[in-house]
Structures are given as structure tokens and as C-alpha cells.
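A.B. asks: fold the following for me, if possible:
(one chain, ligands or ions: 2)
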Amino acid sequence: MAITRRKVSVIGGGFTGATTALMVAQKELADVVLVDIPDQEGPVQGKALDMLEATPVQGVDVSVVGTSDYALTKDSDVVVITAGIARKPGMSRDDLVHTNANIMKSVTEQVVKYSPNTHIIVLTNPADAMTYAVYKSSGLPKNRVIGQSGVLDTSRFRTFIAQELELSVEDVQGFVLGGHGDDMVPLIRYSSVGGVPLTKLLSQDRIDAIVERTRKGGGEIVSLLGNGSAYYAPAASLTQMVEAIIKDKKRLLPAIAYLEGEYGYEGVYVGVPTVLGGNGIEKIIELDLTDEERDQFATSVTSVQSVMNALPDEF
Ligand SMILES: NC(=O)c1ccc[n+]([C@@H]2O[C@H](COP(=O)([O-])OP(=O)(O)OC[C@H]3O[C@@H](n4cnc5c(N)ncnc54)[C@H](O)[C@@H]3O)[C@@H](O)[C@H]2O)c1
Ligand SMILES: O=C(O)C[C@H](O)C(=O)O
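C.D. replies: Ligands and ions are numbered 1, 2, ... in the order given. Okay, the predicted model is just below:
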């Protein structure tokens with residue numbers, strides 16, 4: 001019997017899209033289709049061919065194709081959307097909302113035309129509102145439209161904790177709740193190193209400094225790069241989410257999920273702990289929050305709602 005290979009399509013063949021395609025291929029998770037606009041057909045074909053020519057060295061049997069033709073994405077198991085513009089120094093993610101919302105609509109229509117039962121993971125910023133825009137444009141159930149922010153934000157938080165304590169990143173656990181903006185909420189009470197609560201290992205001053213650096217983590221990279229935003233850690237985060245779905249791993253990961261009553265909110269996409277598996281977001285985990293945490297989460301949700309309200313009427 002023929003073995004059916006899995007297919008992952010990545011829309012947007014720029015920094016994050018190409019890096020994600022490479023990481024998905026390197027992990028041999030699926031055949032990869034990298035899609036960009038017709039104007040970028042040559043570059044995206046070149047990137048894909050270059051990745052394909054690395055597969056013998058890496059010992060992975062996957063195909064990697066670059067195209068502007070959505071027909072090649074037919075029957076994708078997972079589609080990752082990275083298409084759109086990135087911010088430059090001095091801009092906020094929310095400044096991208098109008099341009100990227102229009103791109104989400106046209107891209108999503110093409111995606112679901114060829115893969116009506118796929119899972120979509122949205123990276124494009126402002127990520128919470130763009131995930132909502134894709135959900136509205138796709139007609140897919142809410143569990144199949146997922147946004148990426150929490151894996152990346154938590155990874156930054158874990159990096160800074162491990163650096164500060166000079167301990168392995170592997171042992172650092174943490175959780176970041178809320179929107180992918182400067183008012184995201186790293187949850188200290190749920191953060192630990194090898195099971196030891198963070199508050200036993202670091203002073204409040206040091207924890208506050210790490211929380212602040214995490215919140216501004218995207219901006220720190222934007223300032224350093226000068227022309228574009230982060231892509232290695234975002235691509236690693238997307239790849240972890242793709243793997244959780246493709247392998248039905250049932251990982252407990254933070255993701256941008258559609259709330260319908262959870263945490264007391266209705267009709268908003270925002271970052272919360274989820275179970276990610278073969279059915280996309282299989283569950284939203286509701287944590288008990290202190291009054292202070294609930295207030296911080298409320299501030300973050302209000303910011304997301306104001307960006308959602310700025311979306312064009314069709315959403
Ligand atoms: N959520 C997150 O954590 C996170 C992290 C990193 C980047 N981002 C966001 O991801 C987006 C992409 O970032 P990047 O660094 O890859 O940008 P980039 O400019 O390198 O790549 C974007 C690509 O999208 C393509 N594109 C534009 N319109 C398209 C369309 N209609 N169809 C197909 N492709 C189209 C462009 O041609 C370009 O190749 C930005 O909005 C950025 O802010 C989000
Ligand atoms: O900060 C950005 O604009 C890109 C991304 O959201 C990030 O957090 O790196």
C-alpha cells in the first residue's frame with residue numbers, strides 16, 4: 001500500500017516563511033510547498049530548490065517546492081501563513097493591521113479553495129487580530145485556525161531566565177498569556193526551573209527585568225536588525241506547532257485561540273494555554289489567576305480588541 005506523505009504549505013517566502021520551510025523539511029515532518037506572490041516566483045523557487053539540494057546531506061526524504069500557484073498546496077495538512085509586511089524600527093505591530101488584513105483575506109481564500117479541511121497557523125502581525133481575520137475569511141472551525149505568539153514569547157522568557165541563572169534552557173518552564181504585544185503577561189507563578197519555583201531562584205527585581213525584556217523582545221530584535229524582524233525563533237516556534245499537529249502530539253503549548261467564554265471573554269482571539277494535537281486546538285486550559293494577573297490579562301485583551309475593531313468591515 002502506498003504511504004501518503006504529509007504536506008505543509010508555507011504562505012509567504014520571506015524571512016520567517018523560508019526559515020520555517022527549512023526547519024519543517026530538516027525535521028522530515030512533511031513535504032513542503034513555499035508560496036509567494038507571482039512577482040517573487042523566481043526567488044521562492046530558488047530558495048525551495050536550494051533547500052531541496054540540502055536534503056541528501058541531511059538525510060531527509062521530503063520534497064520542497066517554491067511557487068506562486070496555490071494549486072500545488074492542494075490537500076495540505078497544515079498551512080502556515082507568514083505573508084505580509086513586517087514592522088521597521090519605530091513602528092508597532094498594530095501599524096501593520098490594514099495592509100496585512102487585506103493580505104490575510106486574499107491568501108485565506110486561496111488556501112481553503114485547495115485545502116478545505118486544513119489547519120492554519122497564522123504568524124503575520126498583529127498576530128491576534130490576523131488570526132481572527134483568517135478565521136473569519138476561512139469558514140474553518142475555530143480549532144483549526146490557530147495563531148503563533150506564545151511559543152515564541154515563552155521561548156524568549158525561558159532564554160533570559162536560563163542566561164541569568166546559567167542553567168540549561170531545557171529545564172526552564174514558563175508561560176506567557178495574552179496578546180502578542182508589549183502588554184503580554186508572563187506568568188511568574190507558573191514558571192519554574194527543574195520544578196523549583198522561579199521566585200525561589202531569582203529576586204523580584206531580576207524577575208521584573210526579565211519580564212520587561214520579554215515584553216519588548218520583538219522590538220529588541222527589530223532595532224538590532226534595522227530592516228525587518230525576528231525569524232529564527234519565530235520559525236522554530238512555528239515548527240514546534242506544526243509538529244504537534246502533524247504528529248498528534250497533544251502538546252500543552254500557548255497559542256492564539258478563539259475564546260468563547262473561557263477566561264470570561266467572548267469572540268476574541270488571544271494567547272492562552274492550549275492542547276495542540278491532530279485536531280488543532282483540542283482544548284483550552286483555564287488557569288486560576290490572581291486579581292493582579294487577571295487585571296494584566298484584561299489590559300492585554302483590551303489592546304487586542306481595539307486592533308480587532310480597526311479591522312475592515314468585512315471581518
Ligand atoms: N507572530 C509572531 O510571533 C511573529 C514573529 C515574526 C514575524 N511575524 C510577522 O510575520 C510577517 C512576516 O515576516 P517576515 O520577516 O517573514 O517578512 P518578509 O518581508 O521577509 O516576508 C513576507 C513575505 O510575504 C510575501 N507576501 C506579501 N504578500 C503576499 C501575498 N498576498 N501572498 C503571498 N505572499 C505574500 C512577501 O512577498 C514576502 O516574501 C510579518 O507580519 C511579521 O511582523 C510575526
Ligand atoms: O516584533 C515583531 O515585529 C516581530 C515579531 O512579532 C516578534 O515578536 O519578533
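A.B. asks: residues near residue 105, how many?
C.D. replies: Counted with other C-beta atoms under 10 Å, the burial measure for residue 105 works out to 18 neighbours. The C-beta positions use only the backbone N, C-alpha and C, and glycine is treated the same way.
A.B. asks: I figured it hits residue 133, correct?
C.D. replies: Yes - applying C-beta atoms under 8 Å as the test, residue 105 and residue 133 come out as touching, 6.7 Å apart.
A.B. asks: joint contacts of those two?
C.D. replies: By C-beta atoms under 8 Å, 6 or more residues apart in numbering, residue 105 and residue 133 have these common neighbours: residue 315.
A.B. asks: just say helix, strand or coil for residue 257.
C.D. replies: When the structure is reduced to helix, strand and coil (DSSP: H, G, I helix; E, B strand; the rest coil), residue 257 reads as strand.
A.B. asks: for ligand 2, what's its nearest residue on the stretch 51-200 of the chain.
C.D. replies: residue 87 (4.4 Å; C-beta to the nearest ligand atom).
A.B. asks: quick one: residues contacting the nearest residue to residue 63 once chain neighbours are set aside.
C.D. replies: Nearest residue to residue 63, sequence neighbours excluded (C-beta to C-beta, 6 or more residues apart in numbering): residue 31, at 4.6 Å. Contacts here follow C-beta under 8 Å, 6+ apart; on that basis residue 31 touches 5, 6, 7, 8, 62, 63, 64, 65.
A.B. asks: before we move on, what about residue 86?
C.D. replies: Under the criterion of C-beta under 8 Å, 6+ apart, the contact partners of residue 86 comprise 14, 15, 96, 125, 228, 229.
A.B. asks: isn't the first one up against residue 82?
C.D. replies: Yes - the pair residue 14 / residue 82 is scored as a contact, 6.8 Å apart, by C-beta under 8 Å.
A.B. asks: neighbour count: the two, which is higher?
C.D. replies: Counting neighbours by other C-beta under 10 Å for residue 14 and for residue 82 shows that residue 82 has the greater number, 31 against 19.
A.B. asks: look up how far ligand 1 lies from the more buried one.
C.D. replies: 5 Å (C-beta to the nearest ligand atom, to the nearest Å).
A.B. asks: try residue 270
C.D. replies: In this structure, residue 270 lies at 13 Å from ligand 1, with C-beta to the nearest ligand atom as the measure.
A.B. asks: if I look at the closest residue to ligand 1 within the stretch 1-150 of the chain, how far off is ligand 2?
C.D. replies: Ligand 1 sits closest to residue 14 of the stretch 1-150 of the chain, with a gap of 1.8 Å, by C-beta to the nearest ligand atom. Applying C-beta to the nearest ligand atom, the value for residue 14 to ligand 2 is 12 Å.
A.B. asks: can you give me the neighbour number for whichever residue of the chain sits closest to ligand 2?
C.D. replies: Of the chain, the residue with the smallest distance to ligand 2, taken as C-beta to the nearest ligand atom, is residue 218 at 2.2 Å. For residue 218, the count of nearby residues is 26 (other C-beta under 10 Å).
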